[in-house]
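**Q** build me a model from this:
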Amino acid sequence: MSDSERLIVVLGPTASGKSALAIRLAEELGGEILVCDSTQVYRHFDIGTAKVTLAERRGIPHHLVDLVEANAVFTAGEYRLRALTALEDLRLRRKLPILTAGTGLYLRALIEGLSDAPVRSEELRERLRQMAARRGSEYLHRLLKRLDPATAARIEPPDAQKVIRAIEMRVLTGKPVGEIHGAGRGALQGYNVTKIGLRPERAALYARIDARVVQMMHAGWKDEVRNLIAAGIPADAKPFQFIGYSELRRHLENQLTEHDVVAQAQRATRQYAKRQMTWFRRESGVHWLSGFGDEPQIISTAVEIARSQS
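**A** Numbers count the residues shown, from 1 in each chain. As a prediction, the model looks like this:
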């Protein structure tokens, strides 16, 4: 198949080197990068979401980042629509799309399609938001656990937006979210998908995660959060729920020490990486590579895999 009909997916946990590998593949194969990350769609939240800087991109265009403001509601369905538009643009320009996937749900939405989920009920959502304001997000999570235990196990209690949507879907349809997502999908058509997975040794990955959090602090993460607060972005905006951002906000309000911020962000990121790998292990047809994406042997092997699928 021609490059315009191919899609390379680089997947793996955070800090595994997906971006570095994708950039090298793009340089070798004449591609551009589509980012598949639910945190990087938000503008101005840069350092803590590990967005690739302009210098690090080395001239390779990156798509599907900085799409919406912090107060926007952004779903997997919206991501799929935007990704399909970007894919069509690359097809017309005969550029190979290389997708860096850190958010498994967004990847599944693009490749496998989405179910016919119920439309939003603002009345129900408002009742649930008021309930959360009175009793806390933990209460809503316990409610979801009674209604749909399997879905509750996949959502962190502080993520009120996801908890509310899950309860909404369960109440409106009378079905568990997993059952809804398992029906009515429309898979991506017209692309030969090659998946390359990064699976570094766990201890090495965790060490790299810990070091990256420290590096983010040195890069000005605290100042970024201070500027976001000064810009008037409210504490309940979705991006302020991302790892490190809520902790840094509390630090700037003298509720946490900087040492505690670093330790909590490191621990939460390690836990997130573990959840990512649990998700990605269920992906079919992955060419798994045991190392980091910036290692020369991993790069050369990935290039060989990508070329062999052409």
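**Q** helices along the stretch 201-310 of the chain, start to end?
**A** 202-218, 221-230, 245-252, 258-280, 296-308 (DSSP state H, counting those that start in this stretch).
**Q** of those, which is nearest residue 160?
**A** Between residue 160 and the helices of the stretch 201-310 of the chain, the tightest spacing by C-beta to C-beta is seen for helix 245-252, at 11.9 Å. Backbone N, C-alpha and C define where each C-beta goes, glycine included.
**Q** and the angle from the closest one to helix 202-218?
**A** With axes from the mean of the first three to the mean of the last three C-alpha atoms, to 10 degrees as the basis, helix 245-252 and helix 202-218 are set at 50 degrees to each other.
**Q** thinking again about what came up before, buried deepest among the helices of the stretch 201-310 of the chain, which one?
**A** Across these, the average number of neighbours (mean count of other C-beta atoms under 10 Å) peaks for helix 245-252, which reaches a mean of 20.
**Q** related to what we said a few turns ago, pipe the helices of the stretch 201-310 of the chain into a markdown table and attach mean pLDDT per row.
**A** Supplementary listing: the helices of the stretch 201-310 of the chain in a markdown table, determined by pLDDT from 0 to 100:
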| stretch | mean pLDDT |
| --- | --- |
| helix 202-218 | 98 |
| helix 221-230 | 98 |
| helix 245-252 | 96 |
| helix 258-280 | 97 |
| helix 296-308 | 96 |
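**Q** could you export these as JSON lines, including distance to residue 55?
**A** Shown next, in JSON lines, are the helices of the stretch 201-310 of the chain (distance: least, C-beta to C-beta, whole Å):
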{"stretch": "helix 202-218", "distance to residue 55": "15"}
{"stretch": "helix 221-230", "distance to residue 55": "17"}
{"stretch": "helix 245-252", "distance to residue 55": "23"}
{"stretch": "helix 258-280", "distance to residue 55": "23"}
{"stretch": "helix 296-308", "distance to residue 55": "19"}
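**Q** so which of the ones you listed is nearest residue 83?
**A** For the helices of the stretch 201-310 of the chain, the distance to residue 83 is smallest for helix 258-280, at 18.0 Å, taking C-beta to C-beta.
**Q** and the strands in the stretch 51-200 of the chain, which stretches?
**A** Counting by DSSP state E, counting those that start in this stretch, the stretch 51-200 of the chain has strands at residues 62-63, 96-101, 192-198.
**Q** pretty sure residue 249 contacts residue 225?
**A** Yes - in this structure, residue 249 sits in contact with residue 225. The criterion is C-beta atoms under 8 Å, and the distance is 6.0 Å.
**Q** how about residue 16, secondary structure?
**A** Classification of residue 16 by DSSP: H, G, I helix; E, B strand; the rest coil places it in coil.
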